[in-house]
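# Mind folding the following:
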Amino acid sequence: MSQSLRKGGSSLLIGQSYWAMIRFMQNSDPRFEMDELARRIKAWGRELGFQALGISDTNLGEAEEHLLQWLADGHHGAMDYMAKHGVKRARPTELLPGTLRVISVRMNYFPEPSHDAEAILLDPSRAYVSRYALGRDYHKVLRNRLEKLAQKIREVVECQCRVFTDSAPVLEVELAQKGSLGWRGKHTLLLSREQGSWFFLGEIFIDLPLSVDKAQQSHCGTCVACMEVCPTQAITAPYKIDARRCISYLTIEHKGSIPIELRPLIGNRIYGCDDCQLFCPWNKFADKSIEPDFSVRNKLDDISLIELFAWSEDEFKMRMVGSAIYRIGYEQWLRNIAVALGNAPATDESLMALQTRSQHTSLLVREHVEWALQRKIELNPD
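Model (predicted):
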């Protein structure tokens, strides 16, 4: 089977297997080669607000083996969707048939200005929210920019492409590493010399044989700061995480009762956990984000647990609309704050706050409130 491509009045008969190799010439200068197109894509991406872009092939065979072992070990916890998708995460062509390359992008998110994160962690009466969730939901921000980038590509070349923003089974860290955006740290997050790990990742799957970038080597050396600082010791070995112990998993992905033995270790972290990033030496080089969408909302960078626990369900929904936090729902929100209040000093105000929810309609909330009240008695018997 062949297809006809017309350029400047000439007609070329092209075999199906070579169609993707030259379709970029359509509606463009014949000298427009794949490496030049790759350079232009990166320039367009930076104009759209991405700090870095990289291009990789789709070979994820080694990563697939690690994924299967992680699932076999049960380290995904109750994230059944991880097992459901299985190897699909490591096979881009199953998400977009014909995919030849993946364009990975990086966007900084640590908001500027924001209250000192470590100071909040050291104040048990304040609520700690993961820095990525202080502003607008990143899914919406990245998807909008990626769609604009994909459209610019389509304007100069006929192609099939699809954007992803943590919205489908994609091994984004592995792809970004192959695309030279950084290397996988021992906490399993992507690290870069320029930006540490305070950034979001997104991808465009495309059926063009763009020039690929060279994968980066690791620069973690003998450092194990992320492993040592993890409150629950969820990083069981370099590059291995047991999600069942991870505070981000427990406060976001886990929908049921938080294991009692892990509750005291959660401290005042009510949504996510950044400890492995906050104490990573590479993050001292990270730039703050100037993206308005990631600016702090609702004073979440410095707010008391008691104030947040007093929010009604309507207030939660009103304030959290457009935030990544919205998806955990009000019940899980109260559950998380109840645990944090149980770990906070036993003041009259904190006791009164917990008692206001002791008869809550949710069994899940009541259970964690009861635990928090009992913990205050145990810690302060007098």
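
# For the stretch 251-382 of the chain, just list every one of the strands.
269-271 (DSSP state E, counting those that start in this stretch).

# For R244, give its distance to E253.
As judged by C-beta to C-beta, to the nearest Å, R244 and E253 stand 10 Å apart. For glycine as for every other residue, the C-beta is placed from the backbone atoms N, C-alpha and C.

# Between the two, which contacts overlap?
G77 (C-beta atoms under 8 Å, 6 or more residues apart in numbering).

# What backbone torsions are found at I120?
phi -70, psi -40 (degrees, to the nearest 10).

# thought it was touching R126?
Yes - between I120 and R126 there is a contact under C-beta atoms under 8 Å: 4.9 Å.

# what is in contact with those two at once?
Contacts common to I120 and R126, judged by C-beta under 8 Å, 6+ apart, are N268, D302.

# Look up how far K88 lies from the most centrally placed residue in the chain.
By C-alpha atoms, centre = their mean, the chain has its centre lying nearest to F200, at 5.9 Å. Note on F200: its distance to K88, by C-beta to C-beta, is 22 Å.

# same question, D80
In this view, D80 and K88 are 14 Å apart by C-beta to C-beta.

# can you check Q195 too?
From Q195 across to K88, the span is 29 Å (C-beta to C-beta).

# which one of the two has more residues nearby?
Ranked by neighbour count (other C-beta atoms under 10 Å), Q195 and K88 place Q195 first, with 24 against 16.

# show me the contacts for that one.
Contacts of Q195 (C-beta under 8 Å, 6+ apart): Q51, A52, R106, N108, G182, F285, A286, D287.

# and if you look at V224?
Contacts for V224 (C-beta under 8 Å, 6+ apart) come out as K186, P238.

# In this structure the residue nearest to the centre of the chain contacts K140, no?
No - shown here, F200 and K140 do not form a contact pair, counting by C-beta under 8 Å, at 11.4 Å.

# could you pull out the strands for the stretch 101-250 of the chain?
101-108, 128-129, 161-164, 183-184, 190-191, 199-206, 235-237, 240-241.

# Out of these, which gets nearest to L354?
Of all those, strand 128-129 sits nearest to L354, with 18.5 Å by C-beta to C-beta.

# strand partners of that closest one, parallel vs antiparallel please.
Strand pairing for strand 128-129, determined by DSSP bridges: strand 269-271 (parallel).

# show me where the stretch 151-300 of the chain has helices.
For the stretch 151-300 of the chain, the helices defined by DSSP state H, counting those that start in this stretch cover 172-178, 225-229, 247-248, 263-266, 275-278.

# Can I get those helices in a markdown table including mean neighbour count, distance to P97 and mean pLDDT?
Output for the helices of the stretch 151-300 of the chain, formatted as a markdown table (neighbours: other C-beta atoms under 10 Å; distance: least, C-beta to C-beta, whole Å; pLDDT from 0 to 100):
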| stretch | mean neighbour count | distance to P97 | mean pLDDT |
| --- | --- | --- | --- |
| helix 172-178 | 24 | 17 | 97 |
| helix 225-229 | 17 | 38 | 98 |
| helix 247-248 | 23 | 33 | 98 |
| helix 263-266 | 18 | 43 | 98 |
| helix 275-278 | 22 | 36 | 98 |
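
# can you list the ones you listed in TSV and add distance to S323?
Below are the helices of the stretch 151-300 of the chain laid out as TSV (distance: least, C-beta to C-beta, whole Å):
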stretch	distance to S323
helix 172-178	21
helix 225-229	26
helix 247-248	16
helix 263-266	20
helix 275-278	20
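
# So which of the ones you listed is nearest S304?
Closest among the helices of the stretch 151-300 of the chain, using C-beta to C-beta: helix 263-266, at 16.8 Å.

# Can you give the contact residues for the closest one?
With contacts defined as C-beta under 8 Å, 6+ apart, helix 263-266 is touched by 231-232, 247, 250-251, 258, 339-340, 342-343, 368, 371, 375.

# which of those has the weakest pLDDT?
For the contacts of helix 263-266, the model is least confident at R375; its pLDDT is 94.

# burial count for the closest residue to it other than its chain neighbours?
Nearest residue to R375, sequence neighbours excluded (C-beta to C-beta, 6 or more residues apart in numbering): G342, at 4.3 Å. Neighbourhood size, G342 [other C-beta under 10 Å]: 24.

# Now do the same contact list for G342.
So G342 contacts R263, P264, L354, H368, W371, A372, L373, R375, K376 (C-beta under 8 Å, 6+ apart).

# Just the buried residues of the residues you listed.
Neighbour counting over the contacts of G342 (16 or more other C-beta atoms under 10 Å) leaves R263, L354, H368, W371, A372, L373, R375, K376 as the buried ones.

# F110 against K288, yeah?
Yes - assessed by C-beta under 8 Å, F110 is found in contact with K288 at 5.3 Å.

# Same drill for these two, tell me which one is more crowded.
Shown here are F110 and K288; by other C-beta under 10 Å, F110 has more neighbours (22 against 14).

# gap between that one and S130?
Distance from F110 to S130, by C-beta to C-beta: 11 Å.

# Over to S114?
Per C-beta to C-beta, S114 is found 12 Å from S130.

# Go through the strands of the stretch 101-250 of the chain and name the closest to I303.
strand 128-129 (8.5 Å).
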